[in-house]
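> let me see the structure of the following:
(chains A, B, C and D)
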Protein chains: 2
Amino acid sequence: MAVTLAAVAQRAGVSPATVSRVLNGDYPVAVETRKRVERAVRELDYVVNAHARALLHATSGIVGAILNDLSDPFFALVFRGIQNASGDMSRLVVTCNTNGNPDREFTYIEMLRRQRADAVIIVGAGPEDAGYRRQLAAQARGLRAQNSRLVLCGRPKPIRDAPANVVTFDNVGTGRTLVEHLVGLGHRRIAYLGGPVGRTTSNDRYRGFVEGLDAAGLPVDEQLVADGDFTRDGGYAAATRLIESGADFTAIIGGNDQMAIGVLVALRDAGLSVPGDVSVVGFGDIPIAADMIPALTTVHLPLEEAGRQALSLAFAPQGPTKTVTLPHTLVVRDSSGPVRKQSPRRGSARTRKHR
Amino acid sequence: MAVTLAAVAQRAGVSPATVSRVLNGDYPVAVETRKRVERAVRELDYVVNAHARALLHATSGIVGAILNDLSDPFFALVFRGIQNASGDMSRLVVTCNTNGNPDREFTYIEMLRRQRADAVIIVGAGPEDAGYRRQLAAQARGLRAQNSRLVLCGRPKPIRDAPANVVTFDNVGTGRTLVEHLVGLGHRRIAYLGGPVGRTTSNDRYRGFVEGLDAAGLPVDEQLVADGDFTRDGGYAAATRLIESGADFTAIIGGNDQMAIGVLVALRDAGLSVPGDVSVVGFGDIPIAADMIPALTTVHLPLEEAGRQALSLAFAPQGPTKTVTLPHTLVVRDSSGPVRKQSPRRGSARTRKHR
DNA sequence: CTGAAAGCGCTTACAG
DNA sequence: CTGAAAGCGCTTACAG
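Below is the predicted model of the structure:
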């Protein structure tokens, strides 16, 4: 179907070996011959078959990135880091969206292994359950056996001795940081509208929340805690339910920035002011967070940097596995402020507005 | 290095042919034999080599998506449509970020051709210049010759007879629609802060702007027109320059939603109210547009649908090339309103706020 | 139901 | 500087 190297050889009147040498350019070929071959390549519009090559080299130049959803800014940013770091373009990055489904994750790993991918990077949280973790560790070993590697970006190793490199954040720490910030502002009744249950990131952030409360001598009020799905709409829904429950609170922590943005809108729709009536904070510091009104207080996570490091770990020389924990920083903006004396009331109108 | 089919055959005590048959499952194999083979596969953790397979089939199960930047919501949404449409997961989607660089685009097409990609989808605007268009058409023919295809998503064919399918929007129409909307609101001095110069989408939207003005009997005022780069920061910068120029205007059209959001923030920072002093509109209707304050009036583009259709065109049965133009709709929100009597003034405070 | 053999499109020692 | 030959890891007629 497609033009083959043999066809080029025939047209140029040389052997396939010679064509190959011209193409790869690292071998002496007579100038005349080279020219003839180059002309034949041009005339025939020959494009080398990467599969035939890969068969010889046992490497493919492909790296796989497995993520929940590329249209989520968290993943988009990490992915951009990955892409930029593999910037010389000699590599092709395959993206696999799992929508958080572990089965799809394994299917994709399998496909990537078939492609003899040079590395597989899994971005984002993973399930906490033991069965899943064992299976992932097995895949890590499989990849290693193929001379490929697994890098986890945004979650810890599934089991201690899994052959995988890790670049992640101190998610527990971020949760604690946010609580400290709010407590410092005088808040005592802090709601937590978290991410999907049973996943590493959600669990760790929530753990940090609990630890922070503990440290401040505050109890966890089940009424003020709900799970979500890391989406803007999920945040909106959870906040709406919280407001309608009549519960008493002066601050809300969203499981991530998108949820916090949903919370912001839900409060606005309910006629509550931020931070006058309720303070709102998130995790991540995605770009749009700063453009919200009020601008969102959040924990900055170096997402692009994480992607960049994940890629470089994927091609680092062999050696003992590494775990890199990237630092986070609290970014205080307008959505969090001192607690008010009374509980929030519908329809209150005080707003602080500036950037 | 990696486990081969031959190794499995040896361990199971059968021929390679038999192992292949068990793996592909479409051929009668004795139950006993099948079990032995399956066990060997499991014990050895055998994963078939996709390259060896591709060599036989002349197809790879790979589709390439070439886009400017996946962390731009426009592209992220289209890409999500592509991914979802190829949802059975038997295909791998390779993403290639070009950052708008045509050279990178061609490099990626070449790599995808080497991989014998089943299809290549290019998303977003392209340069208008003739040299580029000729080259792209040549690649389209090359792809066709390899039994692959090119789909253009968001731009027209480079030349009339290029063998490429197209799914796009009526960009000229969207520009006109926005002007009509603003003129209907009484605006006469409308600024246009457009996208990158020389690219199809920017040019078409601007053309629509000019046509709309024409239809309303209004002149184009060069003072009120500037180019940008389709980013939030670019919109912010362009709007800031416009404000500082002291020019007289009552509405701003951003080249896309991101630019419009930047414009919104710039106006806020300059103490101007939207839509009290200035109306702002954009193109695209990315999700966050509705969460801005004020919520952004924009032209809704069915981005995900475009991605979905692009993928399905990529695998549609052969035939004459198709061009699908998806409909757009004006979404009026809070950022546009009736024109005021006088010109905008710094520090005016009237705001309309609701959703 | 199973196996031996040819071949997919390349590259790379090996010879000359 | 150039070519013939073997081989990468699979699948698929062809035989039996």
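
> what does the one helix or strand A:Phe79 maps to rub up against?
A:Phe79 is part of helix A:73-85, with elements assigned from DSSP states H and E. The contact list for helix A:73-85, computed with C-beta atoms under 8 Å, 6 or more residues apart in numbering or on different chains, reads A:63, A:65, A:67-70, A:93, A:95, A:121, A:123-124, A:153-154, A:256-258, A:284, A:286-288, A:303-312, B:69-71, B:76, B:95, B:97. Placement of C-beta: from N, CA and C, glycine included.

> go again with 7 Å.
A:65, A:67-70, A:93, A:95, A:121, A:123-124, A:153, A:256, A:284, A:286-287, A:303-308, A:310-312, B:70-71, B:76, B:97 (C-beta atoms under 7 Å, 6 or more residues apart in numbering or on different chains).

> SS state for the residue in the stretch 101-250 of chain A that DNA strand C sits nearest to?
Residue nearest to DNA strand C within the stretch 101-250 of chain A (C-beta to the nearest atom of the strand): A:Arg116, separated by 13.3 Å. What DSSP: H, G, I helix; E, B strand; the rest coil gives for A:Arg116 is coil.

> contacting residues for it?
If you count contacts by C-beta under 7 Å, 6+ apart, then A:Arg116 has A:Ala54, A:Ala58, A:Thr59, A:Ser60, A:Gln146, B:Asn49, B:His51 around it.

> of the residues you listed, buried ones?
A:Ala54, A:Ser60, A:Gln146, B:Asn49, B:His51 (16 or more other C-beta atoms under 10 Å in any protein chain shown).

> any residues of the stretch 51-200 of chain A in contact with chain B? List them.
Residues of the stretch 51-200 of chain A lying close to chain B by C-beta under 7 Å from any C-beta of the partner chain are A:51-52, A:54-55, A:58, A:60, A:70-71, A:76-77, A:79-80, A:83, A:89, A:92-95, A:97, A:104, A:107, A:110-111, A:113-116, A:142, A:145-147.

> before we move on, back to that, among the contacts of A:Arg116, which are within reach of DNA strand D?
A:Ala58, B:Asn49 (C-beta under 7 Å from any atom of the strand).

> ok, so of the contacts of A:Arg116, who is nearest B:Ala270?
Nearest to B:Ala270 out of those is A:Ser60 (C-beta to C-beta; 52.5 Å).

> looks like that closest one contacts A:Arg114 (just checking).
No: judged on C-beta atoms under 7 Å, A:Ser60 makes no contact with A:Arg114 at a distance of 10.0 Å.

> rewinding a little: now, the residues of the stretch 51-200 of chain A next to chain B that are in helices?
A:51-52, A:54-55, A:76-77, A:79-80, A:83, A:104, A:107, A:110-111, A:113-114, A:142, A:145 (DSSP state H).

> can I get the buried ones among the residues you listed as something I can paste into PyMOL?
Listed next is the PyMOL selection for buried residues among those, using 16+ other C-beta under 10 Å:
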select buried, chain A and resi 51+52+54+55+76+77+79+80+83+104+111+113+114+142+145
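
> restrict the ones in helices among the residues of the stretch 51-200 of chain A next to chain B to contacts with DNA strand C.
A:Ala52, A:Leu55.

> what residue in the stretch 251-355 of chain A comes nearest to DNA strand D?
A:Gln318 (20.1 Å).

> just say helix, strand or coil for that residue.
Taking three-state DSSP, the label given to A:Gln318 is coil.

> gap between the closest residue to A:Ala54 other than its chain neighbours and A:Leu178?
Of all residues not flanking A:Ala54 in the chain, B:His51 sits nearest, at 4.1 Å (C-beta to C-beta, 6 or more residues apart in numbering or on different chains). In this view, B:His51 and A:Leu178 are 48 Å apart by C-beta to C-beta, to the nearest Å.
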